[in-house]
Structure formats: structure tokens, C-alpha cells
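Novice: quick one, fold the following:
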Amino acid sequence: MDTRLSRPRRRGLRLLAVVLFATVAFGFLGGTAYATNGDRDGSKTGGDVTNLMPSDHPASQSAPAASEVAAATEHNRVAINITWLMVGGILVLFMQAGFALVETGFTRAKNASHTMMMNMVVFALGVVGWWICGYALMFGATSNSGLGLTALGSPWHFGDWNVLAHSGFFLGGKAYDVSVAGFFFFQLVFMDATATIPTGAMAERWHFKSFIVWGLFASMLLYPVYGNWVWGGGWLSQLGVLGPKWGHGAIDFAGSGVVHAMGGVAAFWGAKILGPRVGKFKDDGTPRAIPGHHIPMAILGTFILLVGWMGFNGGSTFAGNDFRLTVVITNTILASAAGCLSAMFVMWFTFGTPDPSMTANGLLAGLVAITAPCAFVAPWAAVVIGVLAGVLVVVAVLVVERVFKVDDPVGAVAVHGANGLWGVLAVGLFADGSYGAGFNGVSGGVKGLFYGGGGQFMAQLTDAVVLVVFCSIMCILFFNISKRFVPMRSDDESQIAGLDTSEMGALAYPDFLEAQGGVFASVPGHTHQPATAGSLRQELGS
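Specialist: Here you go, the predicted structure:
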């Protein structure tokens, strides 16, 4: 493809650059002034007592004791919070359907059953691993008064630094508790999102047996250890009260880093160690396009993920009576739209067409990037974060494929890895101090570098570096050790035939055999119609 820009496209890119600069400048200079009039933390909302109705109780009845009123009020507060947590968790659970549709739509028809199967089974594997030890290692020492959640035990320490929790295995003993069960479920579906991300980057050549081992490893060890350091009271979250005392320590409101960047970094190493699909790269290393078979399916999955993300970010307030959740959800929507349009226009001006698949990934990139800062930034900043995410996802897709020679069929590394890290850093830049008092034991709101919070940026930068280093080491070791004992890569003949045939024994579209002739190649032991020379050339991208 000739990617040289024509004069009209160069003018278009210059215009886009001016618009982006004006958006950033206007938002940064005017955002604070516009934000000062609103009730940003909810403290002024819902407190008007002038409209309360007189009591309906007869005057002869004695009023309830103050202790009874207090107990009922606290019970209702916790009930509201747990209900909101469950609603959010159910929405996040439905995101598994979105992931499945996106990944399957962006891959080829002959692998549709295999890709769908991975997205379904990784959920079941994650549940088992999370129940066995994942929750215990990550949240066994966590408490939350708003949910009625008390710590199940003390963590392991290194001096004053918390290293890892180790209580609540198999949800036994004190973990058999309504609050623990609610928190277990909510955090489970977040973990499963991380475990799912590499299935897209490694699709169409990942041996199903190796995938099974990954699902257990991710849920039992990889995700819980790093997650404890940020969300479970571990040492990265303590950077605000110990050591350098940077801001509020590592802050990641709903998981740009803990969920998405972890999944994206794992996807990078998994795809690199696994190797590219047959025919992806020419002999000189030039990548070939291998189009997905069902773009409408992928876009439908994108919309499902968008809806589920309202629970992903909104539910992470852990409190239905925290009015900041409206800001969280609005910021999420703004960033998703900005990322969608940004990626679309970049593709349009650069390559001449808006490209539906990259536009969908731009929307997802905006969602990933806003996930960490959504509670701490003003709406104008959410738009800026989304715009930059849309540009970043296009650049990252090209770099991953052309520079690192990594075959990522769905763009998972760019969407989740690159933009997950961007979201972590965005907290340290754009947090405006209007929210977060008491987070990680530090008073005052969370402030980023643009609001005088240089320490918070250092905490976020440290978090990002630790994430990349830890996840890279763990995944390089895991995938290299795993492939010595369990076949990791499907053989070339199975890839050409389609993994639905060789590994699943069930075609997603059996009518294709008759309708399209030799789309599926033969494999020893199978009787499906062999491919023609022309169809093989098409499958190999030549």
C-alpha cells in the first residue's frame, strides 16, 4: 500500500492537529473555571430537607429510638452499595459476550468456533482459579466499610510494606460471608477480562490445550499478585504514605493498568512467543492483511463492551450513594466517543478510508484509557484523553505489526496494552483534585501534574514501569516453560484447514463447505472437502 500522503490529506492532517491543539488548550485553560460551579463530589446533592413530608405515624405511636434509626440507615446504605456492586458486576460479566464477538468478527470464519470457545471457557477457568486462590492472594486483607467488608487476615509484609495477601482460599472460613461473596463476584469479572485479552492477540493458531493452562495461570497467579499491589493494599498503593510519599500512591480507579495493560502486555508476549499465523508475513517481513470474516459482528461486540463498561467504571465507586458515579459514567462516554472519532479521522486522512475495524478499536481505546482516570478528571480532560487514545491505537497497531513483527489479529496489544498504560499515566497528569480524599490513606483529592501533583505523576509512572516489567518477566517465563510441556502452536496444516476442524471438531459455518467450495483444507483423519489452489493462495494472503 502506498502510504504517502497527498496534498489534500496533508492539509487535512494539519487541520486535525490544529483542532486537537485547540481542544487541549481550551480545556486546560478553561476547564478549571467551568468546573468550579458544579457539585463535583456530591456533598451538596440530596441534602434539601425543606420538602420532607410530615410523618404518617399517629401521634400516639412512640418514635423509634435513635439507635434503631441509625442501624436501619446503615443497613440500607450497605444494601444500596452492594446492590449497585452487583448491577455493575453483571454488566461487566456481559462484556465477555462483547469480547467474544469482537475477537471472532476480526478473525476468519474457519476459526470462529475455536475463538468463541476460548472466550467462553476462559470465563470458567477464571472462576475456578479465582475461587481456589486468586481472590485470597489479591483481596484477602482488604476491607471496605461501605460494603460491610472486613479483612480476612493480615498480608505478608516486608518491613512496613505489604507484599501479598493470603486469606480466603476456596472462600472458606470467614470468607463464607455475604459481603465477601459480593466483592468476590465483582472482582472476578474484572479478572476474567484480563484473562480474555490474549485470546484475541493469539487467535487462529493457539493450541487449545495451551490456552487452558493460561486461563488458570492468569487467574491464580499473574493477575492477583500485581492486582494486590495496586488494589489490595499492596506496596504500590502505599507509595503515598510510605517511602517517597508520592501523592496518593498508585491510583487506578477501574483498571486501565490492573486489568487492561496487564492483559495487553501478556498478549504481546504471548503472540510474539507463539509466532505469526501462516502467511501473515512475506519472506522479507512485510505484513499481509488477513481480513476478519464478520465486521458487523465485531462492531456489535464493540457496542456490547461499551454498555458493559458503564458497570466496569461506574460500579468501581463501590457505592450507589456516591454521586460521583455520574461523572465517572459521563467521562467514560465522552472518552469513548472521542477515541472513536479520533481513530476514524486519522485512518481517513492517512489511508483514504475511515476503516470500520480501526474505528471500533478507537472507541475501545478511549474506554481503556479513561478507565483509570474516569473518577478524577473533568469532562474536558476525558475528551482529550480519548482523542489521544484514538491516535495512539492507530500508531501502536502499526508499530506492533511493522516494527516488532507481532501478529495481533484484533489489535489487543494496541487497544489494551498501549492505552492501558496511557490511562495509568493520565491520572498523574489530569486529576484535578476534586475527588479521591482518603484514597490509599491520604487526605485531600487526587491531583495530577497539571494541578501541582508532581508526586502523583511519579507514583503513576512507577506503577506503569512495574506493571510492564513484572508482567513481561512472568509471561516470558510462563509461555516458554509452558510450550515445553504443552503444545502451544497449532501446526501449519491445521491452521490452513481451520482450527474449528482440527481442534474443535465443529465448524461454526458448516454450510460454507457447500456454498464456498474449498474454503477449508483437508487434514489427515478428517473428510472435509479439500481446498483448491486458488483458495489456499487466498488463505495465505498471496
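Novice: every contact and neighbour count from this point should use C-alpha atoms.
Specialist: Noted.
Novice: can you tell me the element the spatially closest residue to residue 224 that is not a sequence neighbour falls in?
Specialist: Excluding the flanking residues, the one nearest residue 224 by CA to CA, 6 or more residues apart in numbering is residue 138, at 4.7 Å. In this assignment (DSSP states H and E), residue 138 forms part of helix 135-139.
Novice: list the contacts of that helix.
Specialist: Here helix 135-139 makes contact (CA atoms under 8 Å, 6 or more residues apart in numbering) with 164-169, 184, 188, 224-225, 227-228, 231-232.
Novice: using a markdown table, lay out these together with pLDDT.
Specialist: Shown next, in a markdown table, are those (pLDDT from 0 to 100):
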| residue | pLDDT |
| --- | --- |
| 164 | 98 |
| 165 | 98 |
| 166 | 97 |
| 167 | 97 |
| 168 | 97 |
| 169 | 98 |
| 184 | 98 |
| 188 | 98 |
| 224 | 98 |
| 225 | 98 |
| 227 | 98 |
| 228 | 98 |
| 231 | 98 |
| 232 | 98 |
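Novice: ok, those residues vs residue 240, which is closest?
Specialist: Nearest to residue 240 among the contacts of helix 135-139 is residue 231, at 13.7 Å by CA to CA.
Novice: run a quick neighbour tally on the closest one.
Specialist: Residue 231 has 23 neighbours, counted by other CA atoms under 10 Å.
Novice: and if you look at the one 10 residues further on?
Specialist: Counted by other CA under 10 Å, the residues lying close to residue 241 total 15.
Novice: on the three-state scheme, it is what?
Specialist: coil (DSSP: H, G, I helix; E, B strand; the rest coil).
Novice: and it, how far from residue 506?
Specialist: Relative to residue 506, residue 241 is positioned 55 Å away (criterion: CA to CA, to the nearest Å).
Novice: also residue 307?
Specialist: 31 Å.
Novice: in terms of neighbours, single out the busier of those two.
Specialist: Neighbour comparison, residue 307 and residue 506: the larger count goes to residue 307, with 17 against 14 (by other CA under 10 Å).
Novice: find the nearest non-adjacent residue to the more buried one, please.
Specialist: residue 91 (7.4 Å).
Novice: secondary structure element holding residue 223?
Specialist: helix 223-231.
Novice: that helix - contacts with which helices or strands?
Specialist: For helix 223-231, the packing partners by 3 or more CA pairs under 8 Å, 6 or more residues apart in numbering; DSSP states H and E come out as helix 135-139, strand 161-164.
Novice: give me whichever of these is most buried.
Specialist: The highest mean neighbour count among the helices and strands packed on helix 223-231, using mean count of other CA atoms under 10 Å, belongs to helix 135-139: a mean of 29.
Novice: average pLDDT for it?
Specialist: Averaged across helix 135-139, the pLDDT comes to 98.
Novice: next one: the helix or strand following it to chain centre, how far?
Specialist: Counting by DSSP H and E, the next helix or strand C-terminal to helix 135-139 is strand 156-158. Strand 156-158 has its C-alpha centroid displaced from the chain centroid by 29 Å (CA atoms, centre = their mean, to the nearest Å).
Novice: give the other helices and strands that strand 156-158 contacts.
Specialist: strand 161-164.
Novice: which element follows the helix holding residue 223 toward the C-terminus?
Specialist: helix 262-274.
Novice: contacts for the helix or strand just after that next one, please.
Specialist: Note on helix 262-274: by DSSP H and E, the next helix or strand toward the C-terminus is helix 295-314. Contact with helix 295-314 is made by 87-95, 97-106, 190, 253-254, 325-326, 328-329, 332, 336, 356-357, 360, 363-364, 367, 371, 374, as judged by CA under 8 Å, 6+ apart.
Novice: re earlier: need the helices and strands packed on helix 223-231 in a markdown table (columns: distance to residue 273).
Specialist: Output for the helices and strands packed on helix 223-231, formatted as a markdown table (distance: least, CA to CA, whole Å):
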| stretch | distance to residue 273 |
| --- | --- |
| helix 135-139 | 28 |
| strand 161-164 | 29 |
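Novice: nearest to residue 291, out of those?
Specialist: Among the helices and strands packed on helix 223-231, helix 135-139 comes nearest to residue 291, with 38.7 Å by CA to CA.
Novice: worst-scoring helix or strand of this structure, pLDDT-wise?
Specialist: helix 533-539 (a mean of 45; mean pLDDT, DSSP states H and E).
Novice: what about residue 95, which SS state?
Specialist: helix.
Novice: thinking residue 337 is in contact with residue 384, fair?
Specialist: No: counting by CA atoms under 8 Å, residue 337 sits too far from residue 384 to count as a contact (10.9 Å).
Novice: so for these two, which sits in the more crowded spot?
Specialist: Shown here are residue 337 and residue 384; by other CA under 10 Å, residue 384 has more neighbours (24 against 19).
Novice: so which strand or helix has that one?
Specialist: Per DSSP H and E: helix 379-402 holds residue 384.
Novice: how near is the closest residue to residue 202 other than its chain neighbours to residue 386?
Specialist: Once flanking residues are discounted, residue 202 sits nearest to residue 271: 5.1 Å by CA to CA, 6+ apart. Computed as CA to CA, the residue 271 to residue 386 distance reads 26 Å.
Novice: thinking again about what came up before, I'd like the average pLDDT over the following helix or strand past the helix holding residue 384.
Specialist: Under the assignment DSSP H and E, the closest C-terminal helix or strand after helix 379-402 is helix 412. Helix 412 carries an average pLDDT of 98.
Novice: run through who's touching helix 412.
Specialist: Helix 412 has contacts (CA under 8 Å, 6+ apart) with 197-198, 200-201, 264, 267.
Novice: kindly recompute the last result at 6 Å.
Specialist: Around helix 412, the neighbours that count as contacts under CA atoms under 6 Å, 6 or more residues apart in numbering are residue 201.
Novice: distance from it to the middle of the chain?
Specialist: Taking CA atoms, centre = their mean, the mean C-alpha location of helix 412 is offset from the chain mean by 10 Å.
Novice: let me know the next secondary structure element after that helix.
Specialist: With DSSP H and E, the next secondary element past helix 412 is helix 419-430.
Novice: just want the angle from that following helix to helix 379-402.
Specialist: 150 degrees (axes from the mean of the first three to the mean of the last three CA atoms, to 10 degrees).
Novice: can you list the buried residues in the next helix or strand after helix 419-430?
Specialist: As assigned by DSSP H and E, the chain's next helix or strand after helix 419-430 is helix 454-485. By 16 or more other CA atoms under 10 Å, the buried positions in helix 454-485 come out as 454-464, 467-468, 471-472, 475-476, 478-479, 482.
Novice: kindly report the same for stretch 126-142.
Specialist: By 16+ other CA under 10 Å, the buried positions in stretch 126-142 come out as 126-142.
Novice: how near is residue 400 to residue 105?
Specialist: 21 Å.
Novice: look at the two and report which has more neighbours.
Specialist: Neighbour count, other CA under 10 Å: between residue 400 and residue 105, residue 105 has more, with 26 against 18.
Novice: separation between residue 291 and residue 106?
Specialist: 7 Å.
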